[in-house]
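1. The sequence and its predicted three-dimensional model are supplied below.
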Amino acid sequence: MSSRPAEDPDLVAVDEALLRLRRFFRTPAAVEHDNRSVDLSTLLVVTAIAAEPAGEASVGQIATALEVAPSTASRLVGRAETCGVVVRLAGRVDARQSLVRLTPDGVALHERARTFRHARLRAATAGFTTEEKHQFARLLTRFAAGAGS
């Protein structure tokens with residue numbers, strides 16, 4: 001007979017909440033490109049590039065940002081390229097290294113997606129006080145850092 005340790009009710013609550021949140025990360029119908037739904041992976045590629053100060057990234061940088069293998073990142077970039085939201089350019093220092101940059105459609109998609117996400121977050125935290133919102137942001141950021149290790 002095996003003995004299970006007592007479950008921590010707070011961890012049970014966090015687990016259940018995270019499972020309910022899976023819907024939050026679906027690609028929203030409101031964020032489309034050419035009247036087509038956009039894959040979440042394409043949005044993640046666009047977001048990774050938009051986060052770069054130079055506005056462009058190597059496939060390796062995108063792989064690091066998405067925590068995937070470079071070959072997977074290359075496929076995801078190819079998918080985003082097919083959608084017309086990114087373009088590959090020859091590197092300035094080494095022409096063998098390609099850089100990926102957002103197209104004007106990619107910039108617009110990034111803005112629509114960010115606006116949509118922020119509106120959902122505003123609605124979800126509407127009942128929070130300013131201090132609760134600050135505390136939630138701090139703790140969620142800390143949780144994400146711990147979950148990523």
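-> Arrived safely. All values reported here derive from a predicted model rather than from experimental measurement.

2. check contacts around the residue nearest the centre of the chain.
-> What sits nearest the mean C-alpha location of the chain, by CA atoms, centre = their mean, is Leu44, with 4.3 Å. By CB atoms under 8 Å, 6 or more residues apart in numbering, the contact set of Leu44 is Leu66, Leu76. Yep, even glycine has a C-beta here, placed from its N, CA and C like the rest.

3. What of Val46?
-> Ala80, Val85, Val86, Leu102, Gly106, Leu109, His110, Ala113.

4. rerun that using 7 Å as the cut-off
-> Ala80, Val85, Leu102, Gly106, Leu109, His110 (CB atoms under 7 Å, 6 or more residues apart in numbering).

5. Have a look at this structure and report its longest helix.
-> helix 104-124 (DSSP state H).

6. That one: which residues count as buried?
-> Across helix 104-124, burial judged by 16 or more other CB atoms under 10 Å covers Gly106, Val107, Leu109, His110, Arg112, Ala113, Arg117.

7. is it true that the fourth one touches Ala50?
-> Read that as His110. Yes: under the criterion of CB atoms under 7 Å, His110 makes contact with Ala50 at 4.7 Å.

8. Can you report how many residues lie near Ala80?
-> If you count neighbours by other CB atoms under 10 Å, Ala80 ends up with 29.

9. ok, now the one 5 residues further on?
-> Here the number of neighbours of Val85 (other CB under 10 Å) works out to 25.

10. what pLDDT, on average, does stretch 139-146 get?
-> Here stretch 139-146 scores 91 as its mean pLDDT.

11. nope, stretch 99-106 is what I meant
-> Mean predicted confidence for stretch 99-106 is 95.
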